[in-house]
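*Asks:* The following block contains a protein sequence and its predicted model.
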Amino acid sequence: MPRRPRIHLPGLPLHIVQRGHNREACFFSEEDYLAYREWLGEALAATGCQLHAYVQMTNHVHLLLTPPSSEAVSQLMISLGRRYVGYINKTYRRTGTLWDSRYKSSLVQADAYLLLCQRYIELNPVRAAMVDDPAHYRWSSYRANGLGQADSLLVHHAVYAALGQNEVERLAAYRALFRPELDAEAIGDIRMALDQGQPLGDSRFLDGIEKVTGQRREAKPRGRPRKREEGGGGPQEQLSMEM
């Protein structure tokens with residue numbers, strides 16, 4: 001069965017996951033994490049993509065970003081992959097692929113799901129039992145989004161900015177989102193959207209994507225409709241090619 005084409009739309013957040021081949025490691029030392037960050041930063045600058053959240057796990061990476069054009073995401077992933085894989089192969093005297101052949105991606109409805117996705121991404125090390133608090137994991141965006149630590153890779157989304165009138169309020173409101181655990185349904189919805197390459201959003205969001213692309217992209221129904229994330233009532237997206 002042919003694979004469905006990915007949907008990348010300008011101005012709409014995109015959740016990306018890229019896993020090591022056969023789920024094997026893709027980071028082996030501190031220098032590897034730093035090298036990936038450096039080339040990710042250069043790729044973001046070259047393509048104009050804005051990164052809102054990320055985590056570098058031992059054998060996979062999550063990125064939540066907003067592209068300025070439909071082509072920008074592919075350009076970023078190709079550039080980053082070429083440089084990082086070349087570095088790993090040379091450093092560790094290996095050959096062949098490092099990543100699974102295709103990264104997975106899912107469009108995200110920002111006003112209802114962006115903060116949920118950020119929590120999902122930044123809580124990865126906690127779910128993996130690597131740390132008991134996301135602040136204890138060095139290779140993610142939580143310290144910037146939740147504690148105010150400088151991170152040159154990140155550009156805060158408008159939904160995040162709407163959490164408070166100043167930085168102190170925003171950081172406190174963001175940390176408060178992490179007090180309750182993510183429920184199994186939320187985790188399942190996000191994973192299903194990624195696995196199926198489907199958008200994560202409500203019927204209005206899906207209808208808008210269909211109008212723009214001519215394709216109906218909708219994950220198979222799973223449980224009751226999700227409630228909106230507290231504090232996530234930011235600006236509504238306008239689904240148009242001008243974004």
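*Replies:* Here it is on my side, so go on.
*Asks:* quick one: contacts for the residue nearest in space to the middle of the chain?
*Replies:* For the chain, residue 64 is the residue whose C-alpha lies nearest the centre (C-alpha atoms, centre = their mean; 2.4 Å). By C-beta atoms under 8 Å, 6 or more residues apart in numbering, the contact set of residue 64 is 13-16, 51-54, 108, 114, 117-118, 121. All C-beta atoms are positioned from the backbone trio N, CA, C, and that covers glycine.
*Asks:* For it, give the beta-bridge partners.
*Replies:* When assigned by DSSP bridges, residue 64 has beta-bridge partners residue 15, residue 53.
*Asks:* Per-residue pLDDT of it, please?
*Replies:* As predicted, residue 64 sits at a pLDDT of 98.
*Asks:* What's the separation between it and residue 154?
*Replies:* To residue 154, residue 64 is 10 Å away according to C-beta to C-beta, to the nearest Å.
*Asks:* Now do the shared contacts for the two.
*Replies:* Common contacts of residue 64 and residue 154, defined by C-beta under 8 Å, 6+ apart, comprise 51, 52, 53.
*Asks:* ok, the nearest residue to residue 155 once chain neighbours are set aside - how many residues close by?
*Replies:* Once flanking residues are discounted, residue 155 sits nearest to residue 50: 4.0 Å by C-beta to C-beta, 6 or more residues apart in numbering. Neighbours of residue 50 under the rule other C-beta atoms under 10 Å: 18.
*Asks:* ok now the longest helix anywhere in the chain, how far from the chain's centre?
*Replies:* Across the chain, the longest stretch assigned as helix under DSSP state H is helix 72-91. Relative to the chain's own centre, helix 72-91 is displaced by 17 Å; criterion: C-alpha atoms, centre = their mean, to the nearest Å.
*Asks:* Direction included, what does the helix or strand that that helix is followed by pair up with?
*Replies:* Downstream of helix 72-91, the first helix or strand assigned by DSSP states H and E is strand 104-107. If you go by DSSP bridges, strand 104-107 pairs up with strand 14-19 (antiparallel).
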